[in-house]
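1. Below: sequence and its predicted model.
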Amino acid sequence: MYNFISDIERVKQKSKLFCFRAEELICTHMVYWFKKIKIDWGLLVVILLGLLFLCTYSYLARQLPADWSNDPKLILNSPDETANLFFARHFAETGSLSFTDPANTIAGELVSPRSMRVINGQTVPAGFIGLPIVYGTLAKVFGLNAIPLFTPILAIIGIIFFYLIVKKLFGHQAALWSSVFAYVLPAYWYYSAKGLMPNIAFLVFFIISLYFFLQSLDQKKLFYYLFFGVFLGLSLMIRTSEVVWLGPLFLLLTLFNLKRVSWLYLFCSVVMAILFFTPVLYFNQQIYGSPLSVGYSLNNLLVGQTPVEQGLSVVKQIFLPFGADFKTSAINFYHYTYVLFPLWTILAAVSFLLSIFLFIVQKKWRLLAYAGLFLLFSAYLIVYYGSWRFNDNPDPNAVTIGTSYARYWLPIYLFSLPFIGWFISNLLKKFTIAKPAFGIFLFTCLFLVSYPTVMLGSQEGVYQVAKNLEEYQRLGQSVFDKTEANAIIIAGRLDKVFFPVRSVIFKLNNSGDYDRIKGLVEGGYPVYYFDFTLQPADVAYLNQTVYSAYGLNLSDELLKFGKQSLFQIKLKSNL
């Protein structure tokens, strides 16, 4: 009798053997391809950590209203951020970087918030216009509500490319530690959360341009040269003034690598950089009257000069706009390194000095060249920005992370990290187990030191900024409910709260300004004054000594919000 059962068993055995061989073949091929692909585990760690830190970097952006297209408009913590957001949105919607406030037909150039200026009746940015152009263009693709998220996302991308640069120069272990530490670098962390400040965007575009420049030297492919030009152009769009050190840096890098440079491709990259920078020249000409001008008041002196005269004026203003005060520079740098970030400063200084010694002993001339360039351009940036006194904080003596020095010296902070990463990786070279344990311990220490400075600072920490923004929203809504749609508010430092829902005036500086206020009131514009609460006797005194001379009168308190109040300025005859 035919044995069906035995046949079935033989088929099962053959099937099992076939499956086993198939699995073996698949595993063999998988191992082969994994070995061939060579996964960069360090890069993978940096990317995964970036996804985690994106939640922290975007904290302020996520605290904002989900739909800020309706009143009250999105309120930010600084006039620069307010201006960048407004013009980014305006550019996305209209393709323009200027608008007309009808009130200025009466008030001249008086009606305007800080970080904006009125030129020939048009309200325009009072600084570099690159960020509104770039973010406005991106907003056309990703939507207006995505604008506050662009900087946190760019910050993560910047650290990924920073890893690739450090890996190329110092090795993968130094790159891993440098990049991991970069996530908790206080100034980088803080300004990644301040989404409408330009410094992170500039730094990231510079990092990407540097990566493609180094790649172009190794690979000599047109692709790398073109992308170098693209991102160099974008970085200069964001902060054109940084050309004073970016230009010499890339010139020196080119001179150091003359035999590795493809001159035709390099020329193409320069053309590409100019093409991407052209929108800035176009809009500068359109709104300021000169392609080389920006919104800062001194630059408008270029109008009427010949191109040669304009070029000389720009060079004079750009290279040392604040002079060269070495003592003031040293004091400011001390305050915004050791005083503000003591552990980071000590760690960076010790690693830098010991790394220099080891570079010389081990004859690592390429790394020594990096150290030399770092020292040279750091010294220039210290003098360039340190010679001036920035008073971003109402307390001029306060040393806080929100002061301009911290963001202007971001390149110094960031590019000091490879010395820390390289020193750690070399110090613990023989300790396979101890090295990651020490690195994690150090990262934890740096995180615990940075977190209070960045997030918990009582004056300008991220949590305090979020609390301020919430209060500004309530204040703005209260004032909007009390004022007419065409009202103008003299708001001082709180102009950022009321603009653009209401037209604003920063402050009244001279008698002519009071005459313009009278003209506005006569022209049908309700004018309000928002400042510290005044007692009735103080209001009467101001009316007698100031307002009555111009035919004006300050009303009694209309609204009280904390220690501040809203008053209306009326014609004296109407009382």
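-> Looks like it arrived, so ask away.
2. how about residue 563, phi and psi?
-> Backbone torsions for residue 563, taken as degrees, to the nearest 10, come to phi -100, psi 10.
3. ok now do it, which residues does it touch?
-> Contact analysis of residue 563 by C-beta atoms under 8 Å, 6 or more residues apart in numbering lists 532-533. Placement of C-beta: from N, CA and C, glycine included.
4. how many other residues sit next to residue 457?
-> Using other C-beta atoms under 10 Å, residue 457 has 18 neighbouring residues.
5. Mind telling me what element it is part of?
-> Counting by DSSP states H and E, no helix or strand carries residue 457.
6. Is it correct that residue 569 falls within a strand?
-> Yes. Under DSSP: H, G, I helix; E, B strand; the rest coil, residue 569 sits within a strand.
7. Apart from its neighbours in sequence, what residue is nearest it?
-> residue 527 (4.6 Å; C-beta to C-beta, 6 or more residues apart in numbering).
8. any idea how far residue 476 is from that neighbour?
-> Per C-beta to C-beta, to the nearest Å, residue 527 is found 18 Å from residue 476.
9. next one: residue 431
-> Going from residue 431 to residue 476 by C-beta to C-beta gives 57 Å.
10. same deal with residue 319?
-> 41 Å.
11. what about those two, which has more around it?
-> Ranked by neighbour count (other C-beta under 10 Å), residue 319 and residue 476 place residue 476 first, with 22 against 14.
12. how far is the helix or strand containing the more buried one from where the chain is centred?
-> Following DSSP H and E, one finds residue 476 within helix 462-482. On the basis of C-alpha atoms, centre = their mean, to the nearest Å, helix 462-482 sits 23 Å off its chain's mean C-alpha point.
13. Could you pull up the mean pLDDT of it?
-> The average pLDDT within helix 462-482 is 92.
14. Report the buried residues of it.
-> For helix 462-482, a neighbour-count test (16 or more other C-beta atoms under 10 Å) marks 462, 464-466, 469, 472-473, 475-476, 479-480 as buried.
15. could you say what helices and strands it packs with?
-> Here helix 462-482 is seen to pack against helix 59-63, helix 434-455, helix 495-498, strand 559-561 when contacts are counted using 3 or more C-beta pairs under 8 Å, 6 or more residues apart in numbering; DSSP states H and E.
16. Would you mind finding the most buried of those?
-> Greatest average neighbour count among the helices and strands packed on helix 462-482 goes to helix 495-498 (a mean of 24), per mean count of other C-beta atoms under 10 Å.
17. mind checking how far it is from the chain centre?
-> Relative to its chain's centre, helix 495-498 lies at 21 Å (C-alpha atoms, centre = their mean).
18. quick one: contacts of the helix or strand following it?
-> As assigned by DSSP H and E, the chain's next helix or strand after helix 495-498 is strand 503-505. Applying C-beta under 8 Å, 6+ apart, the contact partners of strand 503-505 are 101, 103, 107, 110-113, 486-491, 495, 498.
19. Among the residues you listed, the buried ones, what's the PyMOL command?
-> Entered in PyMOL, the line below selects the buried ones among the contacts of strand 503-505, by 16+ other C-beta under 10 Å:
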select buried, resi 101+103+107+110+111+112+113+487+488+489+490+491+495+498
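20. What about the contacts of strand 503-505, which are in helices?
-> If you go by DSSP state H, those have 107, 495, 498 in helices.
21. count of residues packed around residue 52?
-> Neighbour count of residue 52, defined by other C-beta under 10 Å: 10.
22. element containing it?
-> Element membership for residue 52 (DSSP H and E) is helix 41-57.
23. Tell me which stretches of the stretch 101-250 of the chain form strands.
-> 116-119, 122-125 (DSSP state E, counting those that start in this stretch).
24. Quick one: closest of those strands to residue 191.
-> Across the strands of the stretch 101-250 of the chain, residue 191 has its closest neighbour in strand 122-125 (19.2 Å, C-beta to C-beta).
25. Pull the helix holding residue 476 out as CSV, backbone CA atoms only.
-> The C-alpha atoms that make up helix 462-482 are tabulated as CSV, following Å, rounded to 0.1, in the frame of the first residue of the first chain:
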residue,chain,number,x,y,z
VAL,A,462,13.0,80.1,28.5
TYR,A,463,10.3,79.4,31.1
GLN,A,464,10.3,83.0,32.2
VAL,A,465,10.0,84.1,28.6
ALA,A,466,7.0,81.7,28.1
LYS,A,467,5.4,83.2,31.2
ASN,A,468,6.0,86.7,29.9
LEU,A,469,4.4,85.8,26.6
GLU,A,470,1.4,84.5,28.3
GLU,A,471,1.0,87.7,30.3
TYR,A,472,1.6,89.8,27.1
GLN,A,473,-1.3,87.9,25.4
ARG,A,474,-3.6,88.9,28.3
LEU,A,475,-2.3,92.4,28.3
GLY,A,476,-2.7,92.8,24.6
GLN,A,477,-6.3,91.4,24.6
SER,A,478,-7.3,93.8,27.4
VAL,A,479,-5.9,96.8,25.6
PHE,A,480,-7.4,95.8,22.3
ASP,A,481,-10.8,95.5,23.9
LYS,A,482,-10.5,99.1,25.2
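26. So what touches that helix?
-> Contacts for helix 462-482 (C-beta under 8 Å, 6+ apart): 59-60, 63-65, 71-72, 75-77, 190, 193-194, 454-458, 489, 494, 496-498, 501-502, 528, 530, 558-559, 561, 566.
27. ok, 6 Å please
-> 59-60, 63, 72, 75, 77, 193, 455, 497, 501, 559, 561 (C-beta atoms under 6 Å, 6 or more residues apart in numbering).
28. so how far is stretch 259-268 from its chain's centroid?
-> Using C-alpha atoms, centre = their mean, the offset of stretch 259-268 from its chain centre is 31 Å.
29. Would you work out how far apart the start and end of it are?
-> Start-to-end span of stretch 259-268 (C-alpha to C-alpha, to the nearest Å) is 18 Å.
30. same deal with stretch 487-499?
-> 11 Å.
31. same deal with stretch 255-268?
-> Start-to-end span of stretch 255-268 (C-alpha to C-alpha) is 18 Å.
32. hang on, the earlier thing: so which of the ones in helices among the contacts of strand 503-505 comes closest to residue 38?
-> Nearest to residue 38 among those, with distances taken as C-beta to C-beta, is residue 495, at 55.3 Å.
33. was I right about that closest one contacting residue 112?
-> No. Checked against C-beta atoms under 6 Å, the pair residue 495 and residue 112 is beyond contact range at 8.8 Å.
34. Just give me the neighbour total for residue 368.
-> Neighbouring residues of residue 368 were enumerated by other C-beta under 10 Å; the total is 16.
35. For it, identify the helix or strand it belongs to.
-> Judged by DSSP H and E, residue 368 forms part of helix 365-386.
36. contact partners of that helix?
-> 245, 324, 329, 332-333, 356, 359, 408, 412, 415.
37. what about the helices in the stretch 201-350 of the chain?
-> In the stretch 201-350 of the chain, the helices defined using DSSP state H, counting those that start in this stretch lie at 222-238, 243-256, 263-288, 307-319, 326-334, 342-361.
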